[in-house]
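> I'd like to go over a predicted model; first the sequence, then the structure.
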Amino acid sequence: MTEPFIDKAKLADLAASFGVLLDETARERFDCYAKLLCEWNEKINLTAITDPDEIVVKHFADSLSVLQAVSPAEGASLIDVGTGAGFPGLALKIARPDLQVTLLDSTKKKLLVLEDIAQKLELDVVLLHKRAEETGRDPLYREQFDFATARAVANLRELAEYCLPFVRVGGRFLAMKSAKTDAELAEAKAAVRLLGGKTAAVHTVTLPQAGERTVIEIEKRSTTPAAYPRPAAKIARFPLK
Ligand code: SAM
């Protein structure tokens with residue numbers, strides 16, 4: 001038997017502290033994911049975090065902390081916007097294989113890596129090599145998801161315009177942020193309302209070695225007006241106020 005790459009028991013304990021039970025299949029998949037991430041990272045710059053223990057905490061446990069904030073119903077749909085190497089979307093799929101997960105990123109090579117990893121882990125995910133602001137206008141994806149997630153993609157005011165169009169009325173947009181979010185939340189308040197959202201809760205999560213993190217939970221209350229999302233340049237130059 002080959003030595004595990006990550007400390008699977010530590011990850012399972014951290015996940016359990018968020019109320020997430022990882023069975024042996026999930027633990028094995030996380031171990032394989034970490035190995036593949038490091039292998040791919042030698043060819044393509046995917047992450048600065050390559051120490052197995054740090055991958056467990058800062059990528060895997062951090063991603064799973066979303067499940068402390070919300071409990072998606074069996075078979076719920078989720079789109080991870082700007083997923084990069086699969087965080088949090090692919091990690092959530094490993095923990096909850098019943099979820100219908102779509103991973104979206106505008107960088108082709110990251111999607112190719114995700115395709116390889118998802119295939120090796122035998123996980124059925126939809127991979128979209130597209131820009132969020134264009135895909136959010138496409139009726140195939142607009143207001144089709146129970147959840148949209150995003151980590152480390154943009155500030156909340158811009159991120160809301162990228163993500164809220166994907167969420168059906170009654171669904172949730174979950175923005176993963178560092179500890180201090182008061183100013184970002186205040187700055188994004190008008191944009192969130194204009195796009196049909198309302199901040200439902202701000203969840204604080206404590207990760208060992210990584211400190212406090214925040215999951216901002218925004219409920220979709222009404223449909224997003226047809227004018228949004230705007231082109232990326234406009235979103236950046238004229239953020240909603
Ligand atoms: N979410 C991952 C994580 O936390 O490790 C990746 C974060 S990385 C800093 C930001 C990612 O968002 C990149 O992979 C980038 O290609 C993607 N991205 C940025 N703007 C985007 C857009 N408008 N549409 C789709 N993807 C975008």
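Sure, I can see it.

> Rounded mean pLDDT for the host helix or strand of Ala188, please.
Using DSSP states H and E, Ala188 sits in helix 182-194. What helix 182-194 shows for mean pLDDT is 95.

> After that helix, heading C-terminal, what element do we hit next?
Counting by DSSP H and E, what follows helix 182-194 is strand 197-207.

> That next one pairs with which strands?
Strand 197-207 pairs in its sheet with strand 211-220 (antiparallel), by DSSP bridges.

> Next, the buried residues of the strand it pairs with.
By neighbour count on 16 or more other CB atoms under 10 Å, the buried set for strand 211-220 is Arg213, Thr214, Val215, Ile216, Glu217, Ile218, Glu219, Lys220. Every residue, glycine included, has its C-beta placed from N, CA and C.

> Mind listing the residues bridging to the first one?
Listed beta-bridge partners, Arg213: Ser178, Val205 (assigned using DSSP bridges).

> so who does it touch?
Contact analysis of Arg213 by CB atoms under 8 Å, 6 or more residues apart in numbering lists Asp62, Ser65, Met176, Lys177, Ser178, Ala179, Thr204, Val205, Thr206, Leu207.

> out of those, which is most surrounded?
Ser65 (24 neighbours; other CB atoms under 10 Å).

> by contact count, what packs against the lengthiest helix in the chain?
Criterion DSSP state H: the longest helix present in the chain is helix 24-41. Contacts defined by 3 or more CB pairs under 8 Å, 6 or more residues apart in numbering; DSSP states H and E place helix 24-41 against helix 8-17, helix 89-95, helix 108-120.

> ok, residues contacting the longest one?
Same thing as helix 108-120. Counting by CB under 8 Å, 6+ apart, 32-33, 36-37, 40, 44, 46, 83-86, 90, 103, 105, 124-125, 127-129 sit against helix 108-120.

> hang on, the earlier thing: buried stuff in the helix or strand that the longest helix of the chain is followed by?
As assigned by DSSP H and E, the chain's next helix or strand after helix 24-41 is helix 52-54. Residues of helix 52-54 classed as buried by neighbour count (16+ other CB under 10 Å): Pro52.

> Name the residues that touch helix 52-54?
So helix 52-54 is contacted by Phe5, Ile6, Asp7, Lys10, Ala34, Cys38, Gln209 (CB under 8 Å, 6+ apart).

> ok, the next helix or strand after it near the ligand or not?
As assigned by DSSP H and E, the chain's next helix or strand after helix 52-54 is helix 62-64. No - applying CB under 6 Å from any ligand atom, one finds helix 62-64 separated from the ligand by no less than 8.0 Å.

> quick one, what contacts Pro165?
Listed by CB under 8 Å, 6+ apart, the contact partners of Pro165 are Gly136, Arg137, Arg142, Glu143, Leu195, Thr224, Tyr228, Pro229.

> Would you check that the fifth one makes contact with Ala226?
No - Leu195 lies out of contact with Ala226 (CB atoms under 8 Å); the separation is 11.6 Å.

> looking at the helices and strands packed on helix 24-41, which is closest to Val57?
Of all these, the one in closest proximity to Val57, counting by CB to CB, is helix 8-17 (7.1 Å).
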